[in-house]
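Peer 1: here is my input; please provide its structure:
(one chain, ligands or ions: 1)
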Amino acid sequence: MKAVVAKRVERGDADLSEIRDLARAAGYEVVGELTQTREEDAAYAFGEGKVEELAVLTHEVDADAVIVDNRLGPYQTYNIGGKLPEGVEVVDRFTLILDIFGQRAQTRKAQLQVELAELRYELPRAEAKTSLAKRDERPGFMGLGEYDESRERDIKNQIADIKRELDAIAEKAETRREQRRESGFDLVALAGYTNAGKSTLMRRLAAELDVDENEDRHPDLDTTAESEDRLFTTLGTTTRRADTGRRDVLLTDTVGFVSDLPHWLVESFESTLDSVYHADLVLLVVDASEPIEEMREKLVTCHDTLYERNEAPIVTVLNKIDRVDEAELAEKREALSALAPNPVAVSGLTGERVDELRDRIERELPDWQFERLVLPLADDTMSLVSWVHDHANVEAEEYEGEQVVLEFEARPSIVERARAKASDLAAVESA
Ligand SMILES: Nc1nc2c(ncn2[C@@H]2O[C@H](COP(=O)(O)OP(=O)(O)OP(=O)(O)O)[C@@H](O)[C@H]2O)c(=O)[nH]1
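Peer 2: Next comes the predicted model:
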């Protein structure tokens with residue numbers, strides 16, 4: 001599939017690199033480009049002359065699609081399509097992103113999220129399309145078939161159904177997180193922009209350790225596989241086990257952020273970020289080989305996304321330092337110090353300074369508590385003793401007459417549960 005990318009430039013930003021990457025991620029070969037800075041004609045989102053230029057270019061390079069790096073209203077999509085050679089599809093930025101998400105969705109949850117996003121995108125357009133289809137009798141316009149008035153109601157019902165199913169999935173995930181914590185794991189989530197290097201870093205941190213169960217299939221989970229230099233290779237989450245020395249950590253890789261996403265799209269993928277919001281620690285990965293301004297913008301987007309719901313401490317990880325010299329790195333640290341205080345600089349690819357990151361993870365995780373329990377030698381005592389062994393670092397286990405003394409270190413929630421179990425034992429004993 002060949003595509004021409006076009007952009008109406010706002011705020012002086014004429015960079016087409018992101019839309020080119022997105023187009024490639026969706027499977028297009030980019031064969032032409034066009035930008036416009038002059039005022040637009042509201043009917044096209046571009047000047048009419050520019051759309052004619054676009055039609056000529058599309059014809060010359062024999063493109064199958066025109067990808068517009070702006071948000072298009074349904075009428076604009078329709079009008080531009082009317083000027084282009086027959087059969088050339090018009091795709092706007094958001095439809096393109098949805099398309100990529102749709103291709104990458106490999107689990108029930110990811111599929112539901114894509115469907116939800118599509119429906120939310122379609123809802124306000126359903127009405128416009130009904131009247132366009134009636135007026136012009138171009139059935140199948142935008143590939144979505146003909147509409148009648150009941151379509152809007154259908155969409156609303158489908159949205160409600162999908163949300164219910166997603167809620168049920170989220171509840172299961174919450175239970176799983178709690179079970180993992182009770183099993184003594186600290187939950188660390190990797191967040192950050194698409195292509196920042198999260199998956200690479202995850203493989204590095206998890207190197208030489210078992211692959212834990214995966215919620216979702218990940219195409220390059222295999223440690224021998226190379227990360228692909230394309231966007232959104234991770235859709236959904238992957239969890240692997242890592243060891244920082246003292247702590248047993250479960251690392252979760254999450255979907256990468258992308259700039260300028262509309263609210264409804266972010267919302268549809270909200271539950272993907274649950275593993276970030278409910279982690280014990282978030283590693284916010286940034287590509288340090290990018291220009292400072294780009295890094296700044298991406299950090300702002302990430303913080304905006306995390307701000308409302310994130311509860312965990314955040315450690316910023318400046319990744320790809322193999323591509324940056326010391327002076328440049330120092331300059332970037334300084335310039336971004338307000339957004340990324342005290343970051344850790346690493347290379348996930350070469351492994352450089354990854355040990356520092358391990359130390360940092362250990363230091364930032366909530367402290368374990370020391371506990372000393374004196375237990376009666378009752379029938380159920382030994383099962384509590386072995387439970388504590390499974391969930392904590394036991395430092396001493398001594399038998400003194402009719403009592404067992406256990407000394408251990410564990411995360412606060414484990415200590416609490418052990419105390420509760422111990423007082424149950426004592427109650428049974430004295431009864
Ligand atoms: N030079 C260099 N390249 C890196 C480093 N870490 C990752 N990369 C490359 O950056 C690209 C993206 O890496 P990924 O690990 O797939 O990035 P991601 O953040 O998981 O991307 P999404 O799955 O799209 O969210 C790949 O080509 C990696 O090889 C690094 O430390 N140095």
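
Peer 1: low-confidence stretches in the chain?
Peer 2: Within the chain, the ranges that satisfy pLDDT under 70 run 11-13, 127-149, 207-237, 255, 258-272, 428-431.

Peer 1: then stretch 1-9 to PDB, C-alphas only?
Peer 2: Extracted C-alpha coordinates of stretch 1-9, given in PDB (Å, rounded to 0.1, in the frame of the first residue of the first chain):
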ATOM      1  CA  MET A   1       0.000   0.000   0.000                       C
ATOM      2  CA  LYS A   2       1.500   3.300  -1.100                       C
ATOM      3  CA  ALA A   3       0.600   6.600   0.600                       C
ATOM      4  CA  VAL A   4       1.100  10.300   0.300                       C
ATOM      5  CA  VAL A   5       1.400  12.100   3.700                       C
ATOM      6  CA  ALA A   6       0.000  15.600   4.000                       C
ATOM      7  CA  LYS A   7      -0.100  18.100   6.800                       C
ATOM      8  CA  ARG A   8      -1.600  21.400   7.500                       C
ATOM      9  CA  VAL A   9       1.100  23.100   9.600                       C
END
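
Peer 1: what does that stretch contact?
Peer 2: The contact list for stretch 1-9, computed with C-beta atoms under 8 Å, 6 or more residues apart in numbering, reads 14, 16, 19-20, 23, 27-37, 40, 45-46, 54, 57-58, 61-70, 91. Placement of C-beta: from N, CA and C, glycine included.

Peer 1: residues contacting Leu57?
Peer 2: 4, 32, 34, 63.

Peer 1: what is the nearest of these to the ligand?
Peer 2: Val4 (24.5 Å; C-beta to the nearest ligand atom).

Peer 1: helix/strand/coil for the closest one?
Peer 2: Using DSSP: H, G, I helix; E, B strand; the rest coil, the structure places Val4 in strand.

Peer 1: output stretch 86-102 as PDB, nothing but the C-alphas.
Peer 2: Output of stretch 86-102 as PDB, limited to C-alpha atoms (Å, rounded to 0.1, in the frame of the first residue of the first chain):
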ATOM      1  CA  GLU A  86     -11.000   7.200  -7.800                       C
ATOM      2  CA  GLY A  87     -10.400   4.600  -5.100                       C
ATOM      3  CA  VAL A  88      -7.800   6.700  -3.100                       C
ATOM      4  CA  GLU A  89      -8.600   6.400   0.600                       C
ATOM      5  CA  VAL A  90      -8.400   9.400   2.900                       C
ATOM      6  CA  VAL A  91      -7.000   8.600   6.300                       C
ATOM      7  CA  ASP A  92      -6.600  11.100   9.100                       C
ATOM      8  CA  ARG A  93      -4.100  10.900  12.000                       C
ATOM      9  CA  PHE A  94      -6.500   9.300  14.400                       C
ATOM     10  CA  THR A  95      -7.900   6.800  12.000                       C
ATOM     11  CA  LEU A  96      -4.300   5.800  11.200                       C
ATOM     12  CA  ILE A  97      -3.500   5.300  14.900                       C
ATOM     13  CA  LEU A  98      -6.600   3.200  15.400                       C
ATOM     14  CA  ASP A  99      -5.600   1.200  12.400                       C
ATOM     15  CA  ILE A 100      -2.200   0.400  13.900                       C
ATOM     16  CA  PHE A 101      -3.700  -0.400  17.300                       C
ATOM     17  CA  GLY A 102      -6.200  -2.700  15.500                       C
END
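
Peer 1: is the ligand contacted by that stretch?
Peer 2: No - Stretch 86-102 stays clear of the ligand (C-beta under 6 Å from any ligand atom), getting no nearer than 10.0 Å.

Peer 1: related to what we said a few turns ago, got TSV for the contacts of Leu57, with distance to the ligand and neighbour count too?
Peer 2: Converted to TSV, the contacts of Leu57 look like this (distance: C-beta to the nearest ligand atom, whole Å; neighbours: other C-beta atoms under 10 Å):
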residue	distance to the ligand	neighbour count
Val4	24	25
Gly32	26	17
Leu34	27	19
Ala63	26	25
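
Peer 1: inside strands: which ones of those residues?
Peer 2: 4, 32, 34 (DSSP state E).

Peer 1: any idea how far Lys83 is from Ile100?
Peer 2: Distance of Ile100 to Lys83, given as C-beta to C-beta, to the nearest Å: 26 Å.

Peer 1: my read is Arg176 is in a helix, agree?
Peer 2: Yes - counting by three-state DSSP, Arg176 is found in a helix.

Peer 1: could you count how many residues lie near it?
Peer 2: Applying other C-beta atoms under 10 Å, we find 14 residues neighbouring Arg176.

Peer 1: need the residues of the stretch 251-400 of the chain near the ligand, please.
Peer 2: Counting by C-beta under 6 Å from any ligand atom, the stretch 251-400 of the chain comes close to the ligand at 256, 319-320, 322-323, 347-349.

Peer 1: compare these and tell me which has the most neighbours.
Peer 2: In terms of neighbours by other C-beta under 10 Å, those top out with Asn319 at 29 neighbours.

Peer 1: and that residue, how far from Asp62?
Peer 2: 40 Å.

Peer 1: where do the strands sit along the stretch 1-150 of the chain?
Peer 2: Under the criterion DSSP state E, counting those that start in this stretch, the stretch 1-150 of the chain contains strands at 2-8, 29-36, 65-68, 89-92.
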